[in-house]
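Enquirer: turn this into a model:
(2 chains)
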Number of protein chains: 2
Amino acid sequence: MPLIECVPNFSEGRDRTIIQSLGDAIEAVQGVHLLDVSSDYDHHRTVMTFIGEPEPILEAAYQAIVTASTMIDLEKHQGVHPRIGATDVVPFIPLRDASLSDCVELAKTLGELVGDELGLPVYLYEAAATRSERQNLADVRRGGYEKLKEEIHLPHRKPDFGPATLGIAGACVIGARQPLIAFNAYLDTKDVNIAQEIATEIRESGGGLPFVKALGLLVNGQAQVSMNVIDFRQTSLFTIMSALHELVKKYNVTVTHTELVGLIPQSALVNTALSYLQLPIQSRELILESRIGAETGNFKEIPFE
Amino acid sequence: MPLIECVPNFSEGRDRTIIQSLGDAIEAVQGVHLLDVSSDYDHHRTVMTFIGEPEPILEAAYQAIVTASTMIDLEKHQGVHPRIGATDVVPFIPLRDASLSDCVELAKTLGELVGDELGLPVYLYEAAATRSERQNLADVRRGGYEKLKEEIHLPHRKPDFGPATLGIAGACVIGARQPLIAFNAYLDTKDVNIAQEIATEIRESGGGLPFVKALGLLVNGQAQVSMNVIDFRQTSLFTIMSALHELVKKYNVTVTHTELVGLIPQSALVNTALSYLQLPIQSRELILESRIGAETGNFKEIPFE
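Expert: You can find the predicted model right below:
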């Protein structure tokens, strides 16, 4: 049975009634499991994570977009995070027995539905992008809702689906990608410049590690290297942490602690452990729970505590 | 449902017919899953790993002991590994919804059965031990079958169950313990003395890490620190690897690679990754598969490849 994850980002992080309605719209669809809801007041944004098979996932995503388009008004929205729509971004992610191209198909089906039925402009991004300049979400969203309102009639901003006009629900960016890991490292300094320099060195665009995006921020008075790992199977957290250890030495600081934002695939952690312990990758086959799962179909983890 | 693991060690690692019969005796019991069979020709020894609920686990262990006692002759057995019986050691390990004392009960029930029904001398060890000097398996087994034959009539070697006489099936050591991790590190040297010195420094008995046993060996011409981790929840693989990194520096060698012998609980790896990545222990709750498992009861891991 194919298992797909969907992680829509909504431009609402404050009104509990609206957030509840969005979650309800998703959970009302049979076969869909809502795993996580994270709202951020400052960013005025909510990220929901849900899973299921392709058909219910598509239906739940559509119902959430319908709800957001009737309850969220971009004309009134203010927040530090760049956004162009009530349902700002909808990525589909293959988890099991599904490929990235299955998710591209889902993205296109949803995009057509949203464009035709709801009359919202839809842009396809990442693996679903129809133009190379739309692969990167930051490029699609640059200038936000305000800029898009001025430019949507121009050829280079023509939507992939729906009309080239913008209402108060804005536009919707829909696409397909691999699971993303948001991993932040805090440094023992208040100097945001150090975090920014380390971020520049570690990220792909600065000639650092492939599949890594990074920013230097100041969070509660502490410098933070905020990273997005686009494909943890290509660049592992072990590789990233090792590189970070080298970089902090160079800038004469240390990593005090780290954090994850959102969920992480277990194999990203297991693989990091194998690398650190210098165990061969085949050691994965020696995991007790995998053996139990293969025999009994029950992979529940043996408790750590 | 309580889930128990049983890992009997048999004094037969060469005759495929006998090894097959031992596995058949275990698998014939409904509700038992045989996860792993590891035979070693030089050690002339086979380790089987099986799981199930208490009642079938007890029955399968008993049937395997019956089979071994009729097929294996300790008078003819030669091998580099210390042993005192055809079924040499039988530990019960609590995996889920079971405690160590549940496993102590199982060990005593099996011990009584083997002593009374099969007439084999039984020694209880580890958490099931009735005397402190029998907690450590190495102490119970010291001198092997040959020494036990001479001494079994002496008070300090009186069995916990069964007669104080030794037949050709030898005796049986039965007990309860936590999951054990067998973890070996190879060094870039042929000098076994270095492995032995590092082993002495890292193990509990040498004043090193608690719950760690270690030996220095020469394996295929390469020095190896061979370790048993008795309780990975108390002393993690991360702690062991970090200590090893310090020690190899001191002796001016490096770890070329490591290996596991037998299975490993997944949380031992996950916890090592969290430590290396400096993530808080609560990050375990952010594992995608755990969330999916909590929602759907299906914890199957998302593929790494």
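Enquirer: residues making contact with the strand or helix carrying A:L35?
Expert: Assigned by DSSP states H and E, A:L35 belongs to strand A:33-40. Residues from elsewhere that reach strand A:33-40 (Cβ atoms under 8 Å, 6 or more residues apart in numbering or on different chains): A:13-14, A:19, A:23, A:26-27, A:45-52, A:81, A:261-263, B:288, B:291-292, B:295-296. (Glycine included, C-beta is placed from N, CA and C.)
Enquirer: which other helices and strands contact the helix or strand just after it?
Expert: Downstream of strand A:33-40, the next assigned helix or strand under DSSP H and E is strand A:45-52. Contacts defined by 3 or more Cβ pairs under 8 Å, 6 or more residues apart in numbering or on different chains; DSSP states H and E place strand A:45-52 against strand A:3-6, strand A:9-10, helix A:16-27, strand A:33-40, helix A:54-71, helix B:288-296.
Enquirer: which of those sits closest to A:L244?
Expert: helix B:288-296 (23.0 Å; Cβ to Cβ).
Enquirer: what's around A:E12, how many residues?
Expert: Applying other Cβ atoms under 10 Å in any protein chain shown, we find 24 residues neighbouring A:E12.
Enquirer: can you map out the helices along the stretch 151-300 of chain A?
Expert: For the stretch 151-300 of chain A, the helices defined by DSSP state H, counting those that start in this stretch cover A:192-202, A:237-250, A:266-277, A:288-296.
Enquirer: what angle do the third one and helix B:266-277 make?
Expert: Angular relation of helix A:266-277 and helix B:266-277 on a 0 to 180 degree scale: 70 degrees, by axes from the mean of the first three to the mean of the last three Cα atoms, to 10 degrees.
Enquirer: is helix A:266-277 positioned near chain B?
Expert: Yes: residues of helix A:266-277 are located near chain B by Cβ under 8 Å from any Cβ of the partner chain, namely A:Q266, A:S267, A:L269, A:V270, A:N271, A:T272, A:A273, A:L274, A:Y276, A:L277.
Enquirer: okay, the helices of the stretch 151-300 of chain A in CSV with distance to A:D160, mean pLDDT and mean neighbour count next?
Expert: What follows is the helices of the stretch 151-300 of chain A, written out as CSV (distance: least, Cβ to Cβ, whole Å; pLDDT from 0 to 100; neighbours: other Cβ atoms under 10 Å in any protein chain shown):
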stretch, distance to A:D160, mean pLDDT, mean neighbour count
helix A:192-202, 32, 97, 20
helix A:237-250, 33, 98, 18
helix A:266-277, 31, 95, 24
helix A:288-296, 41, 78, 19
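Enquirer: would you mind giving these as a markdown table with distance to B:S39 added?
Expert: Converted to a markdown table, the helices of the stretch 151-300 of chain A look like this (distance: least, Cβ to Cβ, whole Å):
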| stretch | distance to B:S39 |
| --- | --- |
| helix A:192-202 | 47 |
| helix A:237-250 | 33 |
| helix A:266-277 | 25 |
| helix A:288-296 | 17 |
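Enquirer: list the contacts of the closest residue to A:A223 other than its chain neighbours.
Expert: Setting aside the residues directly before and after it, A:A223 is nearest to A:A195 in space (Cβ to Cβ, 6 or more residues apart in numbering or on different chains), at 3.9 Å. Going by Cβ under 8 Å, 6+ apart, A:A195 touches A:L187, A:T189, A:G216, A:L217, A:L218, A:A223, A:Q224, A:V225.
Enquirer: report how many residues lie close to the third one.
Expert: By that I understand A:G216. The number of residues packed near A:G216 is 19, by other Cβ under 10 Å.
Enquirer: correct me if wrong: it contacts A:E201.
Expert: No: using Cβ atoms under 8 Å as the test, A:G216 is too far from A:E201 to be in contact (10.3 Å).
Enquirer: quick revisit: farthest pair within the contacts of A:A195?
Expert: By the measure Cβ to Cβ, A:T189 and A:L217 form the most distant pair in those, at 12.5 Å.
Enquirer: where do the contact lists of those two overlap?
Expert: In terms of Cβ under 8 Å, 6+ apart, A:T189 and A:L217 are both contacted by the residues A:A195, A:A223.
Enquirer: show me how far the helix or strand of chain A with the lowest mean pLDDT is from its chain's centre.
Expert: Ranked by mean pLDDT, DSSP states H and E, the weakest helix or strand in chain A is helix A:288-296, scoring a mean of 78. Mean C-alpha position of helix A:288-296 versus that of the full chain (Cα atoms, centre = their mean, to the nearest Å) differs by 31 Å.
Enquirer: which ones are touching the most centrally placed residue in chain A?
Expert: The structure's chain A has its C-alpha centroid closest to A:L180; by Cα atoms, centre = their mean the separation is 5.6 Å. A:L180 makes contacts with A:I93, A:N228, A:V229, A:I230, A:G262, as judged by Cβ under 8 Å, 6+ apart.
Enquirer: just the pLDDT for it.
Expert: In this prediction, A:L180 carries a pLDDT score of 92.
Enquirer: one step back: could you dump the contacts of A:A195 into JSON lines with distance to A:T70 and pLDDT added?
Expert: Converted to JSON lines, those look like this (distance: Cβ to Cβ, whole Å; pLDDT from 0 to 100):
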{"residue": "A:L187", "distance to A:T70": "44", "pLDDT": "98"}
{"residue": "A:T189", "distance to A:T70": "46", "pLDDT": "97"}
{"residue": "A:G216", "distance to A:T70": "39", "pLDDT": "94"}
{"residue": "A:L217", "distance to A:T70": "34", "pLDDT": "91"}
{"residue": "A:L218", "distance to A:T70": "37", "pLDDT": "91"}
{"residue": "A:A223", "distance to A:T70": "41", "pLDDT": "96"}
{"residue": "A:Q224", "distance to A:T70": "37", "pLDDT": "95"}
{"residue": "A:V225", "distance to A:T70": "39", "pLDDT": "96"}
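Enquirer: tell me which parts of the stretch 1-150 of chain A are close to chain B?
Expert: Counting by Cβ under 8 Å from any Cβ, the stretch 1-150 of chain A sits next to chain B at A:L3, A:E5, A:H33, A:L35, A:D36, A:T49, A:I51, A:L95, A:R96.
Enquirer: now those residues: which count as buried?
Expert: With burial judged by 16 or more other Cβ atoms under 10 Å in any protein chain shown, the buried subset of these is A:L3, A:E5, A:H33, A:L35, A:T49, A:I51, A:L95, A:R96.
Enquirer: tell me how far the fourth one lies from A:F50.
Expert: A:L35 sits 6 Å away from A:F50, taking Cβ to Cβ, to the nearest Å as the criterion.
Enquirer: repeat for the second one
Expert: Between A:E5 and A:F50 the distance is 7 Å, computed by Cβ to Cβ.
Enquirer: mutual contacts of these two, please.
Expert: Here A:E5 and A:F50 have no joint contacts, going by Cβ under 8 Å, 6+ apart.
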